[in-house]
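Enquirer: Provided below are the primary sequence and the corresponding predicted coordinates.
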2 protein chains.
Amino acid sequence: MNQRPALSKAEMEIARIVWDLQTATVRDVLESLPEGREIDYKTVQTFLRRLETKGYLTSKRSGRSLLYTAKVRPSQVIHETVKDFVGRLFDGEALPLVEHLIREQGLKEDDLQQLKDMLSHLESEQTIPE
Amino acid sequence: MNQRPALSKAEMEIARIVWDLQTATVRDVLESLPEGREIDYKTVQTFLRRLETKGYLTSKRSGRSLLYTAKVRPSQVIHETVKDFVGRLFDGEALPLVEHLIREQGLKEDDLQQLKDMLSHLESEQTIPE
DNA sequence: CGAAAAGGCATACACACGTAAGAGATTATG
DNA sequence: CATAATCTCTTACGTGTGTATGCCTTTTCG
């Protein structure tokens, strides 16, 4: 079904920036790095090239520089990544992870309320016909 | 706070088996590998040794072989791992991940019900004082 | 008893990763 | 225009990762 090689942590970090910018040059990405994340122009360049090689991005020349954009839908990549994660840490069971998130990771009052709302809504949309 | 080097995927796989067995020899782990996961005795041995070096397990000699057990609470490791994951993929926001899990990953009717129950329960325990 | 089995410890080895330097081309600037 | 700044492309390099081999010792079994 899929079969691009998996993204490493740093690659994911860079990919997310490109997704966010929609289309970006090496420099764009470099400048969008969060405060304090000091990494060389050349390094960013390497990551973008690798992301293209791995099939996650495509590039198009624009003047003397390259414009990178997503080749695979970000949501797709996220989906796969989460799935793999759940698989490896929770035996593929999503519920225990949700449970964990609610109990032990920062879900606040507000979030809980939103979550409840979401669940009620689901109830009405129930059995969404494809 | 923490500061063991992170676990790699394969290391996590092995660690989880040890946690599950509570205490395990190389051979125990080898035999607890899931169907189809063919990996050499020596390889398992290497992983266990690395897990010890990284500070996740300790070993105690028993006869001629070594018994490995958790040195850090599994829940702790899970917690850190999930946190890192949420950090890298969802900007540290747990809610979007929960949302994702509900919408796109296998949460079924049943799970949703359980989830709702859990939420109502939380309501009663509410505002747990630190 | 002597060979095979089972262990440990040390070492290996190819490929992935994070990070970048070097070389060469193009563009901008004092 | 000569020099500095930017870019790309290629190559590098230490460390991590997945998977094991080698060698040595202690058990076990035919």
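Expert: Yep, that arrived.

Enquirer: State the distance from the closest residue to residue A:21 other than its chain neighbours to residue A:45.
Expert: Leaving aside its sequence neighbours, residue A:21 sits nearest to residue A:28 (Cβ to Cβ, 6 or more residues apart in numbering or on different chains; 5.7 Å). The C-beta positions use only the backbone N, C-alpha and C, and glycine is treated the same way. If you measure residue A:28 against residue A:45 using Cβ to Cβ, to the nearest Å, the figure is 12 Å.

Enquirer: quick one, helices of chain A?
Expert: A:9-21, A:26-32, A:41-53, A:74-90, A:94-104, A:109-125 (DSSP state H).

Enquirer: which residues are contacting the helix or strand of chain A with the lowest mean pLDDT?
Expert: In chain A, no helix or strand scores lower on mean pLDDT, DSSP states H and E than helix A:109-125, which sits at a mean of 81. Helix A:109-125 has contacts (Cβ atoms under 8 Å, 6 or more residues apart in numbering or on different chains) with A:102, A:107, B:94-95, B:98-99, B:102, B:112, B:115-116, B:119, B:122.

Enquirer: Kindly recompute the last result at 7 Å.
Expert: Helix A:109-125 is contacted by residues B:95, B:98-99, B:102, B:112, B:115-116, B:119, B:122 when judged by Cβ atoms under 7 Å, 6 or more residues apart in numbering or on different chains.

Enquirer: and which of those is nearest to chain A?
Expert: Using Cβ to the nearest Cβ, residue B:95 comes nearest to chain A of the contacts of helix A:109-125, at 4.6 Å.

Enquirer: Report how many residues lie close to the nearest residue to the closest one once chain neighbours are set aside.
Expert: Nearest residue to residue B:95, sequence neighbours excluded (Cβ to Cβ, 6+ apart): residue A:111, at 4.6 Å. Neighbours of residue A:111 under the rule other Cβ atoms under 10 Å in any protein chain shown: 18.

Enquirer: Distance of residue A:111 relative to residue A:25?
Expert: 36 Å.

Enquirer: same thing with residue A:52?
Expert: Using Cβ to Cβ, residue A:52 is found at 13 Å from residue A:25.

Enquirer: Of those two, which one has the most company?
Expert: Higher neighbour count among residue A:52 and residue A:25: residue A:25, with 20 against 15, using other Cβ under 10 Å.

Enquirer: I appreciate the help and will end here.
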